[in-house]
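# build me a model from this:
(3 chains)
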Amino acid sequence: MHTRKSILKRAFFMKAPVEVAREMLGKYIVHIDNSSRISGMIVETEAYTGPRDKASHSYRSKKTERNRAMYLPGGHIYIYLVYGMYWQFNITVGSKGIPQCVLIRAVEPSEGIDKMIERRKTKKILDLASGPGKFCQAFGFNRMFYGLDITKPELTRTPSKVYLEDRGEIIQKGQISIAKRIGIDYAEEWADKLLRFYIGSSPYVSFKKL
DNA sequence: GTACAGATTGAG
DNA sequence: TCAATCTGTACT
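Numbers count the residues shown, from 1 in each chain, chains lettered A, B, ... in the order given. Sure thing, here's the model as predicted:
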C-alpha cells in the first residue's frame, strides 16, 4: 500500500489545543538545514490552553517579550529558554490573538540520528529526544526559530526549514495515554488537569510511568 | 537595582 | 539530591 507524505497545513493547527495535541502524536517533525536532514515521530505532547490556564505563560492574557509568539495564528513556533539552559519547542494553536500552544515533549528519532548523537553527546537512542530539552538539543532548535511559520517552509528565508509531516501513521485512540503535565506543580487546580498525551507503548517518551 | 522561581537535565 | 544559568516578576 502506498502512503503519500504531506506537510501539515494551517487548518491542522486551527483547532483546540487538546485536539491538536492528540493529533500531533504519530506525526513527524522535520528539520532541514544546509548540512543535515533530521526527523522523528512525535510521541509525547502537552496542551497549554490559554488565558485561563494557570500553567500557561499566557495566563491572564499576559504578554511579554518572551511570549509574544503565542499570539500568532496556529502553526507558528513559540520557543523559549527554561532554567537558563534548555529550550522548549511549542507550536501555536488556534486563531491569531488567542494565546494557546502545544509543547513537544518527546520524539522517536528517525532520520539524522548521527547528527543527534553528535549534538546530544550520547549514543543512547532512547536519550536523544526523550524530553523537551533533549529534543530541542538533538534537533538544533534555539532562539533562531522563534516565531517561524511551520506551515510554509518553502517561504522560510532562513537556511533552515521546519515543518510537520503526515507519513500515514495511524495512532488509534486506545494507544494514547493521558496524564498530568510535567513541572507545573505551581499551577494549583490546573496542575491536575489531564493535558499530557503520549503513545503508551513508546519507549521514547520522557517518563516511563505515570 | 536585588532576589527568586521556573513547561529540565545529567552528574553524584 | 543538587547545581547549571537566562528571563520575567516582585519587590527594595
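# look up how far A:Ala179 lies from A:Gln109.
If you look again at residue A:109, you'll see it is Pro, not Gln. A:Pro109 sits at a distance of 23 Å from A:Ala179 (criterion: CB to CB, to the nearest Å). For the C-beta atoms, the positions are set from N, CA and C on the backbone; glycine is no exception.
# between these two, who's got more neighbours?
A direct count of neighbours by other CB atoms under 10 Å for A:Pro109 and A:Ala179 places A:Pro109 higher, at 23 against 17.
# what's that one sitting at in phi/psi?
Here is the backbone geometry of A:Pro109 (degrees, to the nearest 10): phi -60, psi 140.
# go on, A:Ile77?
According to degrees, to the nearest 10, A:Ile77 has phi -90, psi 130.
# pull the longest strand from chain A.
Longest strand in chain A, counting residues (DSSP state E): strand A:37-48.
# elements contacting it?
On a contact count with 3 or more CB pairs under 8 Å, 6 or more residues apart in numbering; DSSP states H and E, strand A:37-48 meets helix A:17-24, strand A:28-32, strand A:100-109, helix A:132-139, strand A:196-199.
# mind listing what's buried in it?
A:Ile38, A:Ser39, A:Gly40, A:Met41, A:Ile42, A:Val43, A:Glu44, A:Thr45, A:Glu46, A:Ala47, A:Tyr48 (16 or more other CB atoms under 10 Å).
# do stretch A:104-122 as well
When burial is assessed from 16+ other CB under 10 Å, stretch A:104-122 yields the following buried residues: A:104-109, A:111-113, A:115-117, A:119-120.
# quick one: the residue of chain A found nearest DNA strand B from A:Gln175, how far?
Chain A approaches DNA strand B most closely through A:Gly183 (1.8 Å), counting by CB to the nearest atom of the strand. Distance from A:Gly183 to A:Gln175, counting by CB to CB: 24 Å.
# helices of chain A, start to end?
Counting by DSSP state H, chain A has these helices, from start to end: A:10-13, A:17-24, A:113-120, A:132-139.
# just the terminal-to-terminal distance for stretch A:170-190.
30 Å (CA to CA, to the nearest Å).
# now swap in stretch A:92-105 and tell me
15 Å.
# close to DNA strand B, is that stretch?
Yes: interface with DNA strand B: stretch A:92-105 contributes A:Cys101, A:Leu103 (CB under 7 Å from any atom of the strand).
# off-centre distance for that stretch?
Centroid separation for stretch A:92-105 versus its chain: 10 Å, with CA atoms, centre = their mean, to the nearest Å.
# next: stretch A:102-116.
10 Å.
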